[in-house]
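1. missing the sequence, but the structure's below:
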């Protein structure tokens, strides 16, 4: 009986960590360098897994402030190609353009407008993939572009 109970607890513990991505500030990815955690669309600071600690929440391509999905807390809406201010879908409300893992400023894909690139679990400045330009290292399931934008917003990088 004790064996079944311990096995069940082990499985539940393993499943509870599923879906979270740790964001490190150092390439060595040590526990003390975790800057953010992205867990089921909730971006929290440090190692926190508490949804109530969320700085931003991503749900259905929309980015909300804090632990909320209320229309009153909607900051940005995303689609495959762009990030729009509020709940707009008009081209003049494009704040960032998304293409091939790169976030560009405004409605542009010009190389000098590249802000950040996500490649192989690393977020770099600009369009670079040079190790010296790395900002964050990701460990866990890959993030969608909306979650990457939310992470960059939470970090104050965009």
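-> Sure, I can see it. For clarity, every value in this text was computed on a predicted model and none was experimentally measured.
2. Quick one: mean pLDDT for the strand or helix carrying residue 95?
-> Applying DSSP states H and E as the criterion places residue 95 in strand 94-99. In this model, strand 94-99 carries a mean pLDDT of 95.
3. quick one: strands adjacent to whichever helix or strand comes after that strand?
-> Heading C-terminal from strand 94-99, the first helix or strand you meet, by DSSP H and E, is strand 102-105. Using DSSP bridges, the strands paired with strand 102-105 are strand 94-99 (antiparallel), strand 114-119 (antiparallel).
4. tell me the contacts of the nearest residue to residue 153 once chain neighbours are set aside?
-> Closest residue in space to residue 153, ignoring its immediate chain neighbours: residue 56 at 6.1 Å, by Cβ to Cβ, 6 or more residues apart in numbering. From N, CA and C alone the C-beta is placed, and that goes for glycine too. Going by Cβ atoms under 8 Å, 6 or more residues apart in numbering, residue 56 touches 42-43, 63-66, 75, 150, 153-154.
5. 6 Å instead?
-> Applying Cβ atoms under 6 Å, 6 or more residues apart in numbering to residue 56 gives the contacts 43, 63, 150, 154.
6. Specify the angle between the host helix or strand of the third one and strand 114-119 in degrees.
-> Secondary structure assigned from DSSP H and E places residue 150 in helix 145-154. Between the direction of helix 145-154 and that of strand 114-119, the angle (axes from the mean of the first three to the mean of the last three Cα atoms, to 10 degrees) works out to 130 degrees.
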